[in-house]
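**Student:** Need a 3D model of the sequence below.
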Amino acid sequence: MSVFERMLNTQALMFIYVVTGIIMAKTKILRHEGRSSFINLLLDITLPCMILNSFNVDIGIDELISAGKIMIISSVLTLIAWVLGKIFWRNEPQNRKSVLEFSTLFSNAGMPIVASVFGAQGVFYASFYLLPVRVLIWTLGLSLFVDEGDFRERMMILLKTPSLVVVFIGIALMFMPFKLPGVLSVAVKNIGDMTGPLSMMIIGAALGESDLRSAFEINAFKLTAVRLAILPIIYMVMLKLSGVEDILWQVAVVLTAMPAAANTEIIAEMYGKDYQFAARCVVVSTIISLVSVPLLTLLF
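**Tutor:** This is a model prediction of the structure:
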């Protein structure tokens, strides 16, 4: 089965999960006040388990070298996105400019999709790809919203992020002479497997609470075009020409082709920017990504 076929099947599943979330929101099975508990479950439990499971394998020196390569790729691509974001949105008002630049830099981590399409090896590389990204979200990312910030406070938030902590635990596990025992290994894998359906149902619930008619404004579509098409195609051409291994550039391109980061709205509201516009960017890019990501893989 080709990458396109796997991605198409994965996005079809994700679409079903999103529709399930919409139904849950519309029927009040999942209310707005309860959604934060599901988000915490996702970020603090299921996603870290999925990441840890990807490290619970025998890794050779070649895989470690490739992990180092994809961290370099991640850093370079983020720098390019930062420069392009400054160019693309230079004439926008400040309260929207921050949102647009942040959304250009950071996508919704597509770990569940990477897991479905590329398996545990893909999650392993994605975990290393996202290491620089997670550091930059709480440093460079926050600097787009505030002129001054408490660097120490940001670093403490970063170091307490379960998904980042578990990467270091996983790296330590790789060098241990043992792996997780059978029952614990199965439990970690099964909990991690909940990440995909849970994340899509949460997004669906958010969509179910939104007035989709107000989401369709030109700047949200411009951001979506940059986020889902322009940047991934630029990166794909660059990485293909560089001769990087297929799985590395494919994982990198899929992660950059994800919709605007879901926490864009939260950070924008926290720092007094246009959070309603941020929510519209997330909604539009999320809906269109269900179609755009499989189409992009036709170019793989």
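
**Student:** where in the stretch 101-250 of the chain is pLDDT low?
**Tutor:** Along the stretch 101-250 of the chain, segments meeting pLDDT under 70 span 138, 146-159, 212-215.

**Student:** for the stretch 51-200 of the chain, what spans make up the helices?
**Tutor:** Secondary structure of the stretch 51-200 of the chain by DSSP state H, counting those that start in this stretch: the helices cover 61-88, 94-105, 111-136, 142-143, 151-159, 162-174, 182-192, 195-209.

**Student:** I'd like those as CSV, with distance to Pro232 and mean neighbour count appended.
**Tutor:** No exception for glycine: its C-beta is placed from N, CA and C like everyone else's. Shown next, in CSV, are these (distance: least, CB to CB, whole Å; neighbours: other CB atoms under 10 Å):
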stretch, distance to Pro232, mean neighbour count
helix 61-88, 10, 16
helix 94-105, 12, 23
helix 111-136, 13, 22
helix 142-143, 25, 18
helix 151-159, 26, 13
helix 162-174, 23, 17
helix 182-192, 26, 14
helix 195-209, 20, 22
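
**Student:** Any chance of those in JSON lines with distance to Thr46 as columns?
**Tutor:** JSON lines is the format used below for these (distance: least, CB to CB, whole Å):
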{"stretch": "helix 61-88", "distance to Thr46": "23"}
{"stretch": "helix 94-105", "distance to Thr46": "25"}
{"stretch": "helix 111-136", "distance to Thr46": "9"}
{"stretch": "helix 142-143", "distance to Thr46": "25"}
{"stretch": "helix 151-159", "distance to Thr46": "20"}
{"stretch": "helix 162-174", "distance to Thr46": "10"}
{"stretch": "helix 182-192", "distance to Thr46": "6"}
{"stretch": "helix 195-209", "distance to Thr46": "4"}
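
**Student:** Nearest to Leu8, out of these?
**Tutor:** helix 111-136 (9.9 Å; CB to CB).

**Student:** Can you get me the centre-to-centre distance for the closest one and its chain?
**Tutor:** 9 Å (CA atoms, centre = their mean, to the nearest Å).

**Student:** To Val291, which of the helices of the stretch 51-200 of the chain lies closest?
**Tutor:** Distance to Val291, taken as CB to CB, is lowest for helix 111-136 among those, at 13.5 Å.

**Student:** orientation of that closest one relative to helix 61-88 in degrees?
**Tutor:** Following axes from the mean of the first three to the mean of the last three CA atoms, to 10 degrees, one obtains 70 degrees for the angle between helix 111-136 and helix 61-88.

**Student:** tell me which strands and helices helix 111-136 is in contact with?
**Tutor:** Helices and strands touching helix 111-136, as assessed by 3 or more CB pairs under 8 Å, 6 or more residues apart in numbering; DSSP states H and E, comprise helix 3-26, helix 47-55, helix 61-88, helix 162-174, helix 195-209, helix 246-256.

**Student:** what's the burial count for the closest residue in space to Ala120 that isn't next to it in sequence?
**Tutor:** Spatial nearest neighbour of Ala120, chain neighbours left out: Ser54 (4.9 Å); criterion: CB to CB, 6 or more residues apart in numbering. The tally of other residues near Ser54 (other CB atoms under 10 Å) stands at 26.

**Student:** Pro132 versus Ser54, what's the distance?
**Tutor:** In this view, Ser54 and Pro132 are 18 Å apart by CB to CB, to the nearest Å.

**Student:** for Met24, same thing?
**Tutor:** Computed with CB to CB, the distance linking Met24 and Pro132 is 35 Å.

**Student:** One more: Ile234?
**Tutor:** Distance from Ile234 to Pro132, counting by CB to CB: 18 Å.

**Student:** Quick check: Ala81 touching Thr104?
**Tutor:** Yes - using CB atoms under 8 Å, Ala81 is in contact with Thr104, at 5.5 Å.

**Student:** Can you work out which residues contact both of these two?
**Tutor:** Residues touching both Ala81 and Thr104 (CB atoms under 8 Å, 6 or more residues apart in numbering): Leu231.

**Student:** Now for Phe15, how many residues are close by?
**Tutor:** Phe15 has 15 nearby residues by other CB under 10 Å.

**Student:** Check what pLDDT the closest residue to it other than its chain neighbours gets.
**Tutor:** Ranked by CB to CB, 6+ apart and with sequence neighbours excluded, the top spatial neighbour of Phe15 is Leu290, at 5.4 Å. For Leu290, the pLDDT comes out at 85.
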